[in-house]
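Q: Build me a model:
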Amino acid sequence: KADLVLLAMGFVGPEKSRMLTDLDVHLNDRGTVARDEQWMTNVPGVFAAGDMQRGQSLIVWAIDDGRRAAAAIDQFLSAS
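A: Down below sits the predicted model:
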């Protein structure tokens, strides 16, 4: 069991790895990680941002995604 896991995937987007499979994280039609408006995947407490959910894009989008996801994670943890 882990309290926190952060994956920095770079430009590759979501790796079709055992971790995503084991967690049963859903992918969208583009093959990136699906998330809701709060940046959470279908698995409670698992969030996705940047290339993981957007696909390869500009770093400015990844930075913006990361900030928004961090705020959503903070809100999620504060409510727990």
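Q: what about the most centrally placed residue in the chain, distance to T21?
A: Nearest residue to the geometric centre of the chain (C-alpha atoms, centre = their mean): A48, 0.9 Å. To T21, A48 is 15 Å away according to C-beta to C-beta, to the nearest Å. Just so you know, the C-beta spots here come from the backbone N, C-alpha and C atoms, and that holds for glycine as well.
Q: do V33 as well
A: For V33 relative to T21 (C-beta to C-beta), the value is 12 Å.
Q: Neighbour count for these two, which is higher?
A: Remark: of V33 and T21, V33 carries more neighbours, 25 against 9, as counted by other C-beta atoms under 10 Å.
Q: is it true that that one touches L27?
A: Yes: proximity of V33 to L27 meets the contact threshold set by C-beta atoms under 8 Å, at 6.1 Å.
Q: quick one, longest helix in the chain?
A: Scanning the chain for the helix with the most residues, using DSSP state H, yields helix 59-79.
Q: Using PDB, list the CA coordinates for that helix.
A: Extracted in PDB, the C-alpha atoms of helix 59-79 (Å, rounded to 0.1, in the frame of the first residue of the first chain):
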ATOM      1  CA  ILE A  59       4.500  22.200 -21.800                       C
ATOM      2  CA  VAL A  60       2.300  25.200 -20.900                       C
ATOM      3  CA  TRP A  61      -0.800  23.000 -21.100                       C
ATOM      4  CA  ALA A  62       0.900  20.400 -18.800                       C
ATOM      5  CA  ILE A  63       1.800  23.100 -16.300                       C
ATOM      6  CA  ASP A  64      -1.800  24.400 -16.300                       C
ATOM      7  CA  ASP A  65      -3.200  20.900 -16.000                       C
ATOM      8  CA  GLY A  66      -0.800  20.100 -13.200                       C
ATOM      9  CA  ARG A  67      -1.800  23.200 -11.200                       C
ATOM     10  CA  ARG A  68      -5.500  22.500 -11.700                       C
ATOM     11  CA  ALA A  69      -5.100  18.800 -10.800                       C
ATOM     12  CA  ALA A  70      -3.100  19.800  -7.700                       C
ATOM     13  CA  ALA A  71      -5.900  22.100  -6.500                       C
ATOM     14  CA  ALA A  72      -8.400  19.300  -7.100                       C
ATOM     15  CA  ILE A  73      -6.200  16.800  -5.200                       C
ATOM     16  CA  ASP A  74      -5.900  19.200  -2.300                       C
ATOM     17  CA  GLN A  75      -9.700  19.600  -2.300                       C
ATOM     18  CA  PHE A  76     -10.100  15.900  -2.400                       C
ATOM     19  CA  LEU A  77      -7.700  15.300   0.500                       C
ATOM     20  CA  SER A  78      -9.100  18.100   2.600                       C
ATOM     21  CA  ALA A  79     -12.600  16.500   2.300                       C
END
